[in-house]
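**Q** curious how this folds, go ahead:
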Amino acid sequence: MQKSQQMPGLLLEDESLRDGLQIESQLLSTEQKIELFNMLCRAGVSRIQVGSFVNPKVVPQMADTDELIRRLGQQSGTVISALILNGKGLDRALACGVGHVSMSVSISDSHSRKNAGRSAAEALAAMVELIVAAKARGLSVRAGLQSAFGCVYQGEISEDAVLAAAEQMAEAGATEINLADSTGMATPATIRSLVRRVAALLPEVRLSLHLHDTRGLGLANMYCGYEEGVRTFDVCAGGLGGCPFIRGAAGNIPTEDAVNLFESMGIATGISLDRLLEAVTFLETVLHRQLPGKMKRVMDHRQACTG
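**A** Residues are numbered from 1 along each chain as shown. Purely as a prediction, here's the structure:
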């Protein structure tokens, strides 16, 4: 295998604690979440989305996000991030001291009404105001567009609509634009097309991809995004995740599979696969099931063959 070389700015953001757990019916304790966070840190993950400031009645798994962030405190070498969707969420984020926030709205009107209870246009207008408010309070803001590559309810999504929304978010102060394949409908061709157009429109803004593996194209889409210059990707240990408001939504790209992809190409991620698999084992133990990530199975079989 060729020697890995660290590429400038390559970042895998693990979202196991937020996107990964949000649809799980088994609630993890704050202590268990801290243990998982520490495992991810020891593996070398440099940005971790630990929760979301949403109504705990809607997403019970996120009820302890404020407490979790307070208990984690300041971290050296790891950026703690959290999702906010409204003004109340912003107030909670400021109160518990998180410095990096992610905000997102759906570009699909149908998905937006199911997910947020308002039209896509209304959600975008409110989010632009929220970005301005968060920046004014000194927060680092990543803004995301859900269903950017298609919607199971609405079908094809206009690239022009995505570009117009991304431009508004960037003008409001977002320093990173996250294009989310929430329904897993993206293909390498649509990834290449949209990334090229957004990058050309907003050359000074960092682009990131949030990919789901619903149709088995997650890693292919990730590689295509990398070829087009994307250097930030959302992942979840074990391949956890999915949206409760999208029928048939599969999990995110497994962190360990993404690490293997890049390392096999000689691109260093800064993440230890062995230590990362300890986090996957932990998750499989507490959730009492095998997760869809591939590399855990590969390494288990290799150990059985050589042991």
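**Q** worst mean pLDDT across the helices and strands of this protein, which element?
**A** Least confident helix or strand of the chain, by mean pLDDT, DSSP states H and E, is strand 5-6 with a mean of 42.
**Q** mind listing what C41 touches?
**A** With contacts defined as Cβ atoms under 8 Å, 6 or more residues apart in numbering, the neighbours of C41 are 48, 75, 77-78. Glycine gets a C-beta too; all of them are placed from N, C-alpha and C.
**Q** quick one, which of the residues you listed are buried?
**A** Buried members of these, counted by 16 or more other Cβ atoms under 10 Å: 48, 78.
**Q** A279 sits in which helix or strand?
**A** Assessed by DSSP states H and E, A279 sits inside helix 273-287.
**Q** so how far is that helix off the chain centroid?
**A** Averaged C-alpha coordinates place helix 273-287 at 18 Å from its chain's average position (Cα atoms, centre = their mean, to the nearest Å).
**Q** R206 contacts I177, correct?
**A** Yes. Look at R206 against I177 with Cβ atoms under 8 Å: they come within range, at 7.5 Å.
**Q** contact partners of stretch 92-103?
**A** 47, 49, 53, 65-66, 69-70, 79-85, 90, 127, 130-131, 134, 137-144, 174, 178.
**Q** in strands, which of those residues appear?
**A** Using DSSP state E, the subset of these located in strands is 47, 49, 79-83, 140-144, 178.
**Q** picking that back up, more neighbours, R206 and I177?
**A** I177 (24 against 16; other Cβ atoms under 10 Å).
**Q** that one pairs with what?
**A** Note on I177: beta-bridge partners A143, L207, judged by DSSP bridges.
**Q** mind checking the longest helix of this structure?
**A** Scanning the chain for the longest helix, with DSSP state H as the assignment, gives helix 120-136.
**Q** for it, what is the average pLDDT?
**A** Per-residue pLDDT values over helix 120-136 give a mean of 96.
**Q** how about stretch 252-272?
**A** Stretch 252-272 comes out at a mean pLDDT of 96.
**Q** in that stretch, which residues are buried?
**A** Neighbour counts over stretch 252-272 (16+ other Cβ under 10 Å) mark 252-263, 267, 269-271 as buried.
**Q** any weak-confidence spans in this structure?
**A** 1-8, 242-250, 303-304, 306-307 (pLDDT under 70).
**Q** can you show me the strands along it?
**A** Listed in chain order, the strands of the chain (DSSP E) span 5-6, 11-14, 47-52, 79-83, 100-106, 140-146, 176-181, 206-211, 232-235, 267-268.
**Q** can I get these in TSV with distance to L194?
**A** Shown next, in TSV, are the strands of the chain (distance: least, Cβ to Cβ, whole Å):
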stretch	distance to L194
strand 5-6	27
strand 11-14	19
strand 47-52	22
strand 79-83	22
strand 100-106	15
strand 140-146	10
strand 176-181	6
strand 206-211	10
strand 232-235	15
strand 267-268	23
